[in-house]
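Engineer: How does the following fold in three dimensions:
(2 chains)
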Amino acid sequence: MYRSHVLICGGTGCTSSGSQKVRAALIDEIRKQGLEDEVNVVETGCHGLCEQGPVMVVYPDSTFYAQVKPEDVPEIVTEHLLKGRPVTRLIYNEAVTDEGKVLSLNDTDFYKKQVRVALRNCGVIDPENIEEYIGTGGYQALGKVLTEMTPDQVIQEVLDSGLRGRGGGGFPTGLKWKLCAPNKADQKFVCCNADEGDPGAFMDRSVLEGDPHSVLEAMAIAGYAIGANQGYIYVRAEYPIAVKRLEIAIKQAHEYGLLGEDIFGTGFNFDIGLRLGAGAFVCGEETALMRSIEGKRGEPRPRPPFPAVKGLFDKPTILNNVETYANIPEIINRGAAWFASMGVGKSKGTKVFALGGKITNTGLVEIPMGTPLRTIIEDIGGGCPNGKKFKAVQTGGPSGGCIPASYIDIPVDYDHLAEIGCIIGSGGMIVMDEDNCMVDIAKFFLEFTVDESCGKCTACRIGTRRMLEILEKITSGNGTMEDLDKLEQLAYYVKNNSLCGLGQTAPNPVISTLKFFRDEYIAHIVDKKCPAHVCKSLLQYTIDPAKCKGCTACARQCPVSAISGKVKEPHVIDQSKCIKCGACMATCKFGAISRQ
Amino acid sequence: MKSLAELQAIREKMKNTMSMRDEDASGIRVVVGMATCGIAAGARPVLNEFAKLVQEKGLSDRVKVSQTGCIGLCQYEPIVEVFEPGREKVTYIKMDAQKAAEVVERHLEAGHVVEKYTMAKSGLK
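Structural biologist: Residues are numbered from 1 along each chain as shown, chains lettered A, B, ... in the order given. As a prediction, this is how the structure comes out:
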């Protein structure tokens, strides 16, 4: 029996900052000091504060250590685990007051406004140990559903909760199940969309890595509700830790009889298979995903027929996203009314966001729907680093839009964001400051969709390509005002005529930046200037002869020898050679070089 | 798994493990002095006895056992402090594993301070 638990994050974020080495050092040191029977080391999923990784929590004191290195481990073991003196210098700095008092994690700015429902077990349990999941109430919901509820009651409960799809579509989950349930067939399927592909989004990965059983349990519940006994999880092969933990979870659930035949002695059978996606963004679209599971090329098809009628292998199928499923057991356990009490209007419950870009606390946050954007950016995220000015936040990845700083008090929920042409999407939130060029951002996302367009329909395949060409023309300083009109026309054409969600939403980054940052486009076209100094073709580095001392530092630094001049005389940059790398400006000690 | 009772049994078994990771700090806190002086005087078996018994007796949802540094009365180590919301702190001195078991049973479980081991009893203030 252990007197202390040390939880170390084994999510992708902390793994890449070296948590496995810290874990090995910890186990080694604990053994060396003879504490292996007293202290239990547990590898968990994501705590959310990826910026501070590798993170480690010591219980029962719940001391939160951040950025732990293997060489810090002996000190933590001797001082804290043996002698009970927390190593203050290694504690997450927000959790230590100016007086040196250690705060509970829930009292820190990053955590205190969060409500963790989908992430309830992430960072708390060992995802590779089914008993820890059961210990926090896992599989109770499945037991309750199978022994006390009819399929219709389950669907009604999910409907009443107001849960909507968390993958981006926002379609009411209960309604999806209700549409599928009455369809008669010899075989039905429950699928899970774990093909998370938006750049900068990692909500689903964290749930799969930190709490895989919650998804398995929810899929079994969905299977009971719609009358299916086979499930598939379509997960990207680029998520090796998630895949491994899912494999372990499925195996353990079988061993414990929580998947397989006659679950809880009720005669209900349910099994889950894993299918790995090879990285095509379009396979996150439901019809393309199902074709890919069937072993065919991942291309969307027109709907109707909807998957609820004719889905995987032409059988009635429901497909929900990982985070949507992670909410289901809690809705069953705590009731639809509890879930619906969180959020605003038609957006109930909580939403997980992956905060990234120009933000102090990069990581994963879960907040009630309708939380003002300001709370997310300033209170939880800690604002833009280096005192830079917040400019906009990009939500929904390549399918979404930008919310400008002037809308910082907007409540973040499906309907309020839709009003200004944005979407919650899957939950990626890329924060931008004054150094980001909005035209460049639109170009970045369009490059992504051009790459990922499957090519089946013309509007998307050729339309997005032509849009990208116009953006390239503008950012290289050759754009005209007619191009702007053409770009806008084309954007709506692609939006209205594409076959699937990928093409229908691909123009959104362009449409929303045109709406809120049209002046930046005009600056590129008319003034031939990039206000944020990002678009290289529009930049010019010049040396102020009055300030230049002729020290030759810049000339020596220039990788293309574009700077010439005699010692102790002002130097000059040859604009035809300059590649605008900025090395000269960074080198100059006299502030003689400027960028325009 | 063929019945809900089996699931419940695993949940019971894991209860103590999981409640240690509770962020809730409203219950009783048992703190064992584990500085060099405390360890030399035998604080480690005391700490482990507390940790073990609290879990065995299913008290871990309301009692947290942790350690602290030097309390400053090295000659009276091993020292154990019991903090309970709304009650005065109780300091036990010169503890050993057996005394710890008594404290768990009579103080933590039944709510009676074991006067004979307290610092107050020994005349120290």
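
Engineer: ok, which residues in the stretch 1-150 of chain A are in contact with chain B?
Structural biologist: A:1-5, A:7, A:38, A:59-62, A:82-85, A:104-106, A:124-125, A:131-132, A:134-137, A:139-140, A:143, A:147 (C-beta under 8 Å from any C-beta of the partner chain). Where C-beta positions appear, they are placed from N, C-alpha and C, glycine not excepted.

Engineer: Centre of the chain to the helix ranked longest in chain B, how far?
Structural biologist: In chain B, taking DSSP state H as the definition, the longest helix is helix B:4-19. Relative to the centre of its chain, helix B:4-19 is centred 22 Å away, using C-alpha atoms, centre = their mean, to the nearest Å.

Engineer: Contact partners for residue 13?
Structural biologist: Since you didn't name a chain, this refers to chain A. A:Cys46, A:Cys50, A:Gly53, A:Phe202, A:Gly363 (C-beta atoms under 8 Å, 6 or more residues apart in numbering or on different chains).

Engineer: oops, I was thinking of chain B
Structural biologist: A:Glu131, A:Gly135.

Engineer: Retrieve the pLDDT associated with it.
Structural biologist: pLDDT, B:Lys13: 87.

Engineer: how far away is it from A:Glu43?
Structural biologist: B:Lys13 is 21 Å from A:Glu43, where distance means C-beta to C-beta, to the nearest Å.

Engineer: Identify the residue spatially nearest to the closest residue to chain B within the stretch 151-300 of chain A, adjacent ones excluded.
Structural biologist: Here the stretch 151-300 of chain A gets closest to chain B at one residue, A:Gly257, 3.7 Å apart by C-beta to the nearest C-beta. Spatial nearest neighbour of A:Gly257, chain neighbours left out: B:Met1 (3.7 Å); criterion: C-beta to C-beta, 6 or more residues apart in numbering or on different chains.

Engineer: Surely that neighbour touches B:Arg11?
Structural biologist: No - taking contacts as C-beta atoms under 8 Å, B:Met1 lies outside contact range of B:Arg11: 11.9 Å.

Engineer: Looking at the two, which is more packed in?
Structural biologist: Higher neighbour count among B:Met1 and B:Arg11: B:Met1, with 22 against 18, using other C-beta atoms under 10 Å in any protein chain shown.

Engineer: Retrieve the pLDDT associated with that one.
Structural biologist: 78.

Engineer: Same check on A:Glu94?
Structural biologist: 85.

Engineer: How about the contacts made by the closest residue to it other than its chain neighbours?
Structural biologist: The spatial neighbour of A:Glu94 that comes closest, neighbours along the chain excluded (C-beta to C-beta, 6+ apart), is A:Thr108 at 4.5 Å. Going by C-beta under 8 Å, 6+ apart, A:Thr108 touches A:Phe64, A:Tyr92, A:Glu94, A:Ala95.

Engineer: Let me know whether the second one touches A:Leu49 as I believe.
Structural biologist: By that I understand A:Tyr92. Yes - the pair A:Tyr92 and A:Leu49 passes the contact test of C-beta under 8 Å, sitting 7.2 Å apart.

Engineer: what about the closest residue to chain B within the stretch 301-450 of chain A, how many residues close to it?
Structural biologist: Relative to chain B, the nearest point of the stretch 301-450 of chain A is A:Asn333 (12.4 Å; C-beta to the nearest C-beta). A:Asn333 has 13 neighbouring residues, counting by other C-beta under 10 Å.

Engineer: Those residues of chain B touching chain A, which are they?
Structural biologist: So chain B meets chain A at B:1-4, B:7, B:10-11, B:13-18, B:20-23, B:25, B:31-36, B:39, B:47-48, B:50-52, B:55-56, B:64-69 (C-beta under 8 Å from any C-beta).

Engineer: Tell me if A:Glu261 really is in a helix.
Structural biologist: No - assignment of A:Glu261 by DSSP: H, G, I helix; E, B strand; the rest coil gives strand, placing it outside any helix.

Engineer: Find the nearest non-adjacent residue to it, please.
Structural biologist: Nearest to A:Glu261 is A:Asn269, by C-beta to C-beta, 6+ apart, at 4.7 Å.

Engineer: Now the helix or strand hosting the one you found: buried residues?
Structural biologist: Per DSSP states H and E: A:Asn269 is located in strand A:268-277. Residues A:Phe268, A:Phe270, A:Asp271, A:Ile272, A:Arg275, A:Leu276, A:Gly277 are the ones in strand A:268-277 that count as buried (16 or more other C-beta atoms under 10 Å in any protein chain shown).

Engineer: other SSEs contacting it?
Structural biologist: Packing contacts for strand A:268-277, counted by 3 or more C-beta pairs under 8 Å, 6 or more residues apart in numbering or on different chains; DSSP states H and E, involve helix A:212-226, strand A:230-236, helix A:240-255, strand A:260-263, helix A:286-293.

Engineer: Check whether the first one comes close enough to chain B to count as a contact.
Structural biologist: No - judged by C-beta under 8 Å from any C-beta, helix A:212-226 and chain B are separated, with a smallest distance of 11.3 Å.

Engineer: Pull out the CA atoms of that helix and give them to me as PDB.
Structural biologist: The C-alpha trace of helix A:212-226 is given here as PDB (Å, rounded to 0.1, in the frame of the first residue of the first chain):
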ATOM      1  CA  PRO A 212      -9.300   5.800 -23.600                       C
ATOM      2  CA  HIS A 213     -11.900   3.800 -21.600                       C
ATOM      3  CA  SER A 214     -14.300   6.700 -21.500                       C
ATOM      4  CA  VAL A 215     -14.600   6.500 -25.300                       C
ATOM      5  CA  LEU A 216     -15.000   2.700 -25.300                       C
ATOM      6  CA  GLU A 217     -17.700   2.900 -22.600                       C
ATOM      7  CA  ALA A 218     -19.600   5.600 -24.500                       C
ATOM      8  CA  MET A 219     -19.400   3.600 -27.800                       C
ATOM      9  CA  ALA A 220     -20.900   0.600 -26.100                       C
ATOM     10  CA  ILE A 221     -23.700   2.800 -24.700                       C
ATOM     11  CA  ALA A 222     -24.300   4.200 -28.200                       C
ATOM     12  CA  GLY A 223     -24.300   0.600 -29.500                       C
ATOM     13  CA  TYR A 224     -27.000  -0.300 -27.000                       C
ATOM     14  CA  ALA A 225     -29.000   2.800 -27.800                       C
ATOM     15  CA  ILE A 226     -29.100   2.300 -31.600                       C
END
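
Engineer: what's the model's confidence in it, averaged?
Structural biologist: On average, helix A:212-226 scores 98.

Engineer: I'd like to check the angle between that helix and strand A:268-277, please.
Structural biologist: Orientation of helix A:212-226 against strand A:268-277 (axes from the mean of the first three to the mean of the last three C-alpha atoms, to 10 degrees) gives an angle of 120 degrees.

Engineer: quick one: helix A:212-226 to strand A:230-236, angle?
Structural biologist: 140 degrees.

Engineer: Point out the least confident one among the buried residues of strand A:268-277.
Structural biologist: A:Gly277 (93).

Engineer: May I have the beta-bridge partners of that one?
Structural biologist: A:Arg236 (DSSP bridges).

Engineer: Before I go, just wanted to say thanks for your time.
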